[in-house]
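Q: need coordinates for the following:
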Amino acid sequence: MSEITGSSTPTTGNGGKEVISLVANCSPYQIEAFREIDHGREHFGVDPRYLKAPLSFTPETSHLVRRELEKIFFEDVALHVRHEDRFRGGWLVNGTITQIDTPRLTDFELKPDYLMDFFNKEIMVYFESDSGTRDGRGKIIRYIYREWLRLHGGRPSFQRGAFFAKPAQIHSTRPQGLDQITTFHHDLSNYITTRSQDLVHFKQWDYKPPRFSTKPKEESPELQNDSEVKSWQDHRFMVGHLFPALYMVFDDQCLPEPSPHVSPEGLHGNDRIYYLEGVVEREMAKCTVLLVKTGDEAHLSAPVSFEPLFDAGLALNVNRDDCDDGYGDGETAVRVNLDVAVRFLWGLLQKERGTLRGLGEIARELEEEQDMLFEKWLDKVMRRSHEVGFDNNYHTWSATRRAAARLNGEAFDVDQVFPFWERLRSWHV
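A: Prediction:
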């Protein structure tokens, strides 16, 4: 469920304060620098006109190759993160989703490795007990994942477990209705905020190859945190800025009844995949969600207003007994399509980053951290490609041909026009 795993061991230090000890794991930006390419097999999903390598590189094309390598790096990160359990199983009712079976959060303690999963999430998503099948839940998170990627130009922050939302399943002994969910959310936000000051020590480690391995020793992995004893917050595990102020609810009205469809005869391979993706796309365009304000807005630059959603005609009937349909700032909840909700929250976050200096600086630091991780990867890729040949490392082989195609306003491979990491039907390629 988190990027840092292993047992947590409380120790004492720093003036007798309890220190949580965890084992640091690899960064999701730990992408292999060399990928072998088999020149003897047929290459699928590529434009054969560009299979032959360009004869020379001008300064312009060299710059284009670097740009393509940057795209490939963040594409690989998106594909890698997509396969983590926090996405593949972490949103499913019979998976590893967080379970809520109490109406109030009192006398409660989260283990550190579970607590971590609440940090660096923009909002909380609550699934009511009868909201969505396994298949429906999977489509919801894949849709959110895709939209979040697109809003960030393919490179959202995945550092230290960061993502758009943290999901939880509400059970029958749950908070009843939006008022009680809001009370529970207040409890949760306060708890996480308090725990963000706990002291943490991340144990560092180095890679050791298997005893009888013939492969050379790999470089030490990129770890998420240093070994200094400091708070979760100082380790950059923080409460999301919008987290206390808003949350989302998926109820029994969120997903429309699936429309029966029959695939046209004669569709095979990618043609069939494209058709079925279109079916899911049209289905998810009807998916709705509740956005709920908690009233905890003192830390925001301005109170959250749903008026823009009403003014644009994007607000739908709430259609619940525990909430009135209406208009204006007095409304605490609004129902909108899922894509509208994600973009609305993205807009709020961008506004806050532009207004609050500290929040904007954190966003820039995270982007600079990504740039640094890319540069380190690029250096490894180029060194390895010089050793084995640029056409024998898949990364430089692909980037070279992508650059040549882009100069002509074309694409070399299918990932440039229909990325695997954006598909809605399945997490699998």
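Q: from here on, just use CA atoms for contacts and neighbour counts.
A: Will do.
Q: and stretch 95-114, which residues are buried?
A: Within stretch 95-114, the residues that count as buried by 16 or more other Cα atoms under 10 Å are 96-98, 100, 103-105, 112-113.
Q: ranges for the helices of the stretch 1-150 of the chain?
A: 59-82, 85-88, 112-115, 134-151 (DSSP state H, counting those that start in this stretch).
Q: re the thing from before, of the buried residues of stretch 95-114, which belong to strands?
A: 98, 100 (DSSP state E).
Q: okay, the buried residues of stretch 95-114 in CSV with pLDDT and distance to Ile192 next?
A: Listed next are these as CSV, based on pLDDT from 0 to 100; distance: Cα to Cα, whole Å:
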residue, pLDDT, distance to Ile192
Thr96, 84, 20
Ile97, 90, 18
Thr98, 89, 15
Ile100, 88, 15
Pro103, 82, 17
Arg104, 83, 14
Leu105, 80, 11
Pro112, 88, 11
Asp113, 83, 13
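Q: max pairwise distance over the buried residues of stretch 95-114: which two?
A: Pro103 and Asp113 (23.1 Å; Cα to Cα).
Q: could you find the closest non-adjacent residue to Ala78?
A: Trp421 (6.4 Å; Cα to Cα, 6 or more residues apart in numbering).
Q: which residues in the stretch 151-300 of the chain form helices?
A: Using DSSP H, counting those that start in this stretch, helices in the stretch 151-300 of the chain cover 177-195, 269-284.
Q: list of residues touching the first one?
A: Going back to what we said before, that points to helix 177-195. Residues outside helix 177-195 that contact it (Cα atoms under 8 Å, 6 or more residues apart in numbering) are 103-106, 115, 118-119, 175, 232, 239, 243-244, 294, 322-323.
Q: just the CA coordinates of stretch 24-36, formatted as CSV?
A: The C-alpha coordinates for stretch 24-36 follow below in CSV (Å, rounded to 0.1, in the frame of the first residue of the first chain):
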residue,chain,number,x,y,z
ALA,A,24,13.3,2.7,2.9
ASN,A,25,12.4,1.2,-0.4
CYS,A,26,13.1,2.2,-4.0
SER,A,27,11.7,5.3,-5.6
PRO,A,28,9.1,4.7,-8.3
TYR,A,29,11.5,6.7,-10.5
GLN,A,30,14.0,3.8,-10.4
ILE,A,31,13.8,3.0,-14.1
GLU,A,32,16.3,0.6,-15.6
ALA,A,33,18.9,2.4,-17.8
PHE,A,34,19.4,-0.5,-20.2
ARG,A,35,16.7,-2.6,-21.9
GLU,A,36,18.0,-5.2,-24.4
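Q: elements contacting the one helix or strand Ala341 maps to?
A: Counting by DSSP states H and E, the element that carries Ala341 is helix 338-355. Applying 3 or more Cα pairs under 8 Å, 6 or more residues apart in numbering; DSSP states H and E, one finds that helix 338-355 contacts helix 134-151, strand 288-293, helix 357-388.
Q: deepest-packed of these, please.
A: Of the helices and strands packed on helix 338-355, the one with the most neighbours on average (mean count of other Cα atoms under 10 Å) is strand 288-293, at a mean of 23.
Q: neighbouring strands of it in the sheet, and parallel or not?
A: Sheet neighbours of strand 288-293, with direction, are listed as strand 246-250 (antiparallel), strand 333-337 (antiparallel) (DSSP bridges).
Q: run the angle between that strand and helix 338-355 for me.
A: 30 degrees (axes from the mean of the first three to the mean of the last three Cα atoms, to 10 degrees).
Q: for stretch 75-82, list every residue counted as buried.
A: 75-79, 81-82.
Q: what about that stretch, distance to the chain center?
A: 9 Å (Cα atoms, centre = their mean, to the nearest Å).
Q: got any ranges where this structure has weak pLDDT?
A: 1-16, 55-61, 107, 129-134, 206-224, 326-330, 428-429 (pLDDT under 70).
Q: grab the most central residue of it for me.
A: In the chain, the residue lying closest to the centroid (Cα atoms, centre = their mean) is Phe163, at 4.0 Å.
Q: please report the distance of that one from Asp117.
A: Phe163 sits at a distance of 10 Å from Asp117 (criterion: Cα to Cα, to the nearest Å).
Q: again, but for Ser62
A: 40 Å.
Q: quick one, which of these two is more surrounded?
A: Counted by other Cα atoms under 10 Å, Ser62 and Asp117 do not tie: Asp117 has more neighbours, with 22 against 14.
Q: my read: the more buried one touches Ala165, true?
A: No - proximity of Asp117 to Ala165 does not meet the contact threshold set by Cα atoms under 8 Å, at 10.0 Å.
Q: list the contacts for Asn393?
A: 34-37, 384-385.
Q: that one pairs with what?
A: Glu36.
Q: possible to save the contacts of Asn393 as CSV with distance to Ser263?
A: Listed next are these as CSV, based on distance: Cα to Cα, whole Å:
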residue, distance to Ser263
Phe34, 40
Arg35, 37
Glu36, 37
Ile37, 35
Arg384, 46
Ser385, 44
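Q: and these, which two are furthest apart?
A: Farthest pair in these, by Cα to Cα: Ile37 and Arg384, 13.3 Å.
Q: that older thread, how far away is the closest residue to the residue nearest to the centre of the chain other than its chain neighbours from Pro167?
A: What sits nearest to Phe163 in space, not counting adjacent residues and going by Cα to Cα, 6+ apart, is Lys121, at 5.2 Å. Separation of Lys121 from Pro167 (Cα to Cα) stands at 10 Å.
Q: when those two are compared, which one has more neighbours?
A: Neighbour tally, Lys121 and Pro167, criterion other Cα under 10 Å: the higher count belongs to Pro167, 25 against 21.
Q: Arg88 versus the residue nearest to the more buried one when sequence neighbours are not counted, what's the distance?
A: Leaving out its chain neighbours, the residue that sits closest to Pro167 by Cα to Cα, 6+ apart is Val125, at 4.6 Å. Per Cα to Cα, Val125 is found 16 Å from Arg88.
Q: before we move on, back to that, backbone phi and psi for the residue nearest to Ala78, please?
A: Here is the backbone geometry of Trp421 (degrees, to the nearest 10): phi -70, psi 0.
Q: surely it touches Arg82?
A: Yes - at 6.9 Å, Trp421 and Arg82 qualify as touching, with contact defined as Cα under 8 Å.
Q: so what's in contact with those two at the same time?
A: Trp427.
Q: what number of residues lie near the closest residue to Arg104 other than its chain neighbours?
A: Closest residue in space to Arg104, ignoring its immediate chain neighbours: Phe184 at 5.4 Å, by Cα to Cα, 6+ apart. Phe184: 20 surrounding residues under other Cα under 10 Å.
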